[in-house]
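K.L.:
Test case, fold it:
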Amino acid sequence: MGHSLQCVLGSRKRSAGLAWSGKLTRWSAHGDELVQLGWFLVCQCSLFSILTDSQRLSFQSMSQLHLFLLELSSQLGTRFLLVVCLGFLTGLEFREYLLTRHLEHPLAIGSSRTYAFISALGFILYNLNPVGLLYLGGMLFLITLFVQFYHHKLQVGQKGIHQFLIGMLVYTYGPSAQLFPLWFLILLFVTVVLVLGARPLTHHLIATMDRLELLTLSKFLLLSAVILPLLPKEYPFKNLPLTPFSVWMAVVVISAISYAGYLLRRYVFKGSGYLVTGLLGGIYSSTATIVVLARSSAPPSAPLAQIHGGILGAVGMMYVRLLLLVIVMAPMLLRYCALPLLGGGMIALGLAWLSQHKTDKKIPDTLDNISNSNPLALRTALLFALLFVLMTALTHFILQDFGSGGIEILALVIGFTDINPFIMSLLNDSRHDLSLAQSAGALIMAAGSNIVLESGYTLILGNHARNRGIFLKLLGLGSATLLFGLGMF
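P.N.:
Okay, the predicted model is just below:
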């Protein structure tokens, strides 16, 4: 009788445990909750870890909760419970990952609780012997189990090693909680959850990404993150206000901004309408975007209001891009450039919004013929570096021979070409004799001259009669910008 009662109670406990595990597994199917929880814990733990003693004391007058949590997080029991909880949550997320692959019938070693036990084992073995012998012994034990399990998987035609990798990562939760701040442990957990849930994203990227995209990005990272810090900052030529570091820094900054617009337009907002195309194209290249939009306005059936909104959006983002370059490269010019760039950008974007909402007609997604060339291509970067050096030398010698008047003419003329090398030469921390106001004025003049050129494109490449309105708007905005910059000399 007693034995039967124990069997019944044990069976009910196992059933209850499996029921709760099933509920939590279904809850973990909403992976965003786990990610949000992890990021919240990362922020909290990192806040506590970076506070100095004086800052912690100043928080005491505001709230005792922070000090309590800080003290609590340093306790051994708290770290153990956190490690076990994160191991269990990782197991839940991995079970959800296996459920999404139910058509493949993947084999599983253990359940969600198995990963909680693995994390607890790693924590206890590391603390029993900080030298690491017991911990390494436990690792060899797990490796032996996983090798046998993987051998069985191979016999049934399955080759995935995710369970082994996840198990070993969970096993490192214990030492990570002892050796690193808690925010790093939680960041490790968040990374595991994000990577597990990234399977659809990876398939989408494989299907849509250019095969040379990552190769180009890796080359640029090599040149920017590895070679750039090694370049000398001394002036190699006495008469040329340039250093190898400043030249390549200009290339890195302008290419990074263009690359952000390129990625957004090609992969995030691909196939969007005219306004979004204009906004993103303005980050990448406002002139190239306006050329395409102006050509698309030529057919009689073209939706002019939306196309004009895209053109104005591209011009508005050109102002924003220039303002960002000033902030990054020459913040001392911000007091002179902020008003005209912010004002011009707000006017252009406001007109774009008004033009876009003139009609409720649904516009089909189009404009896939804008150039998809990667701005990080080495040929593009090296060409910009050459133009930057030539433009800096030209600016320097014109200033020496003709003074500020020559710079005014150069800024006016350069607007009818690519203004980026000239803009970067002005923002470069060089030894030219222009005042801050004159440098800002030349920048504003070049921007205004470029907008005047773009206004001409709307007439030359589009419908003359129907584009007269957008031509006058761009001409007025460009002329006002040009005069504002001229007044700063």
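
K.L.:
what's near enough to touch I254?
P.N.:
By CB atoms under 8 Å, 6 or more residues apart in numbering, the contact list for I254 reads 325, 384, 420, 424. Glycine gets a C-beta too; all of them are placed from N, C-alpha and C.

K.L.:
any low-confidence regions in the protein?
P.N.:
The chain contains residues with pLDDT under 70 at 1-73, 101-108, 110, 270-272, 358-378, 429-433.

K.L.:
do that again at 50, thanks
P.N.:
1-31, 47-62, 103, 360, 364-365 (pLDDT under 50).

K.L.:
In it, which helix is the longest?
P.N.:
What stands out as the longest helix in the chain, according to DSSP state H, is helix 378-414.

K.L.:
leaving aside the residues next to it on the chain, what's closest to M332?
P.N.:
Setting aside the residues directly before and after it, M332 is nearest to L436 in space (CB to CB, 6 or more residues apart in numbering), at 6.0 Å.

K.L.:
thought that neighbour was touching C337?
P.N.:
No. In this structure L436 lies outside contact range of C337 using CB atoms under 8 Å: 9.7 Å.

K.L.:
So the two - more neighbours on which side?
P.N.:
More crowded of L436 and C337, by other CB atoms under 10 Å: C337, with 27 against 15.

K.L.:
can you pull the contacts of the more buried one?
P.N.:
322-323, 326, 440, 443-444.

K.L.:
So which of these sit within strands?
P.N.:
Per DSSP state E, strands hold no members of the contacts of C337.

K.L.:
M488 and I407, how far apart?
P.N.:
For M488, the distance to I407 (CB to CB, to the nearest Å) stands at 11 Å.

K.L.:
Look at these two and report which has more neighbours.
P.N.:
Comparing M488 with I407 by other CB under 10 Å, the one with more neighbours is I407, at 23 against 19.

K.L.:
And the contacts of the next helix or strand after the longest helix of the chain?
P.N.:
Downstream of helix 378-414, the next assigned helix or strand under DSSP states H and E is helix 420-427. Helix 420-427 is contacted by residues 250, 253-254, 322, 325-326, 329-330, 333, 384, 387-388, 390-392, 395, 410-411, 414, 434, 439, 442-443, 446 when judged by CB under 8 Å, 6+ apart.

K.L.:
ok, back up a step: with neighbour count as new columns, can the contacts of I254 be given to me in CSV?
P.N.:
What follows is the contacts of I254, written out as CSV (neighbours: other CB atoms under 10 Å):
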residue, neighbour count
L325, 23
F384, 21
N420, 22
M424, 24
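
K.L.:
and of those residues, the nearest to L474?
P.N.:
Nearest to L474 out of the contacts of I254 is N420 (CB to CB; 19.3 Å).

K.L.:
CA-only coordinates of stretch 144-154 in CSV, if you can.
P.N.:
Below are the C-alpha coordinates for stretch 144-154, written out as CSV (Å, rounded to 0.1, in the frame of the first residue of the first chain):
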residue,chain,number,x,y,z
THR,A,144,32.7,11.9,-23.4
LEU,A,145,29.0,12.0,-23.2
PHE,A,146,28.6,14.3,-26.1
VAL,A,147,31.0,12.2,-28.3
GLN,A,148,28.9,9.1,-27.7
PHE,A,149,25.7,11.0,-28.4
TYR,A,150,27.1,12.5,-31.6
HIS,A,151,28.2,9.1,-32.7
HIS,A,152,24.6,7.9,-32.3
LYS,A,153,23.4,11.0,-34.3
LEU,A,154,25.8,10.2,-37.1
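
K.L.:
Just the buried residues of that stretch, please?
P.N.:
146, 149-150, 153 (16 or more other CB atoms under 10 Å).

K.L.:
got it, and stretch 330-337?
P.N.:
330, 333, 336-337.

K.L.:
Much appreciated, bye for now.
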